[in-house]
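> Sharing a model that was predicted from the sequence below.
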Amino acid sequence: MGPRRRRLVLARWHADRRHPAGHGSRLTACNPQSSDAGKPSATGTPAAPAPAPSRPASAAKTATLPHFVGKGLQAAQDEAQAAGFAVLKSHDALGRDRLQAVDRNWKVCSQQPAAAANVDTSTTIDFGAVKLEEACPAGDAPAPKPVGSTMADFGGQGMKAVRGALPANTGITVKDALHSRMVLQESNWKVCSQDPKPGTALTGQPVAFTVAKTEEACP
């Protein structure tokens, strides 16, 4: 073998050692880009958390509401609270708009709601009451309705409640129909006469009343 041919053979032998057959395919197989093709991205938006389960509404607490009619107002209130009813109020059963300032001086004539079992303890209990020396009415006397454009008939009604039924800007004078007494606590007085008369149009004119104490007869 000549020197030139020997050099060619050696060159091919070295080339085969540097690039053996199949080496290119093995490099391709190890290419991380080609091996990850088709795989979903690991940096996608995370799934939303599942909603928290809803809590069931708590059932209303109930109790037996006692019968209070005929009892003292203070005793009725204490018994109602002991039974689990904390929301209490009272009103003048005679419709005079008197305040029950000292509960022990009043007695219960009506209650709303009536005595019953399984009453929601958040219910407001309303007592209709009169003073201890007074007789309960057959039914709660309604307070005077607010006056509109026409004068109402206020005869026999409590002066305090009457004042509350008139427009707030009305000029009102009140005089004792029997004597020259000062009318200090209007809830203890009733209307005997009025000017203007019932049915008169109210156009801002002053209103005058004569009154007597609730236990007295009007002249």
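That came through fine. Here the structure is a predicted model, which means the values were calculated and not measured.
> in this structure, which residue is closest to the centre?
S122 (11.1 Å; C-alpha atoms, centre = their mean).
> quick one: secondary structure of it?
For S122, the assignment made with DSSP: H, G, I helix; E, B strand; the rest coil gives coil.
> you'd agree it is up against G84?
No: using C-beta atoms under 8 Å, S122 makes no contact with G84, being 9.7 Å away. For the C-beta atoms, the positions are set from N, CA and C on the backbone; glycine is no exception.
> shared neighbours of these two, anything?
Counting by C-beta atoms under 8 Å, 6 or more residues apart in numbering, the contacts common to S122 and G84 are K61.
> that older thread, give me every residue that touches the residue nearest to the residue nearest to the centre of the chain when sequence neighbours are not counted.
Spatially, and ignoring its direct neighbours in sequence, S122 is nearest to V87 (6.6 Å; C-beta to C-beta, 6 or more residues apart in numbering). Contact partners of V87, counting by C-beta under 8 Å, 6+ apart, are S122, T123, T124, I125.
> In terms of pLDDT, where does V87 sit?
We have a pLDDT of 98 for V87.
> any low-confidence regions in the protein?
Within the chain, the segments meeting pLDDT under 70 span 1-48, 52-58.
> hmm, try it at 50
Counting by pLDDT under 50, the chain shows low-confidence ranges at 23-30, 32, 34-35.
> that's a strand at D97, yeah?
No: if the criterion is three-state DSSP, then D97 is coil and not within a strand.
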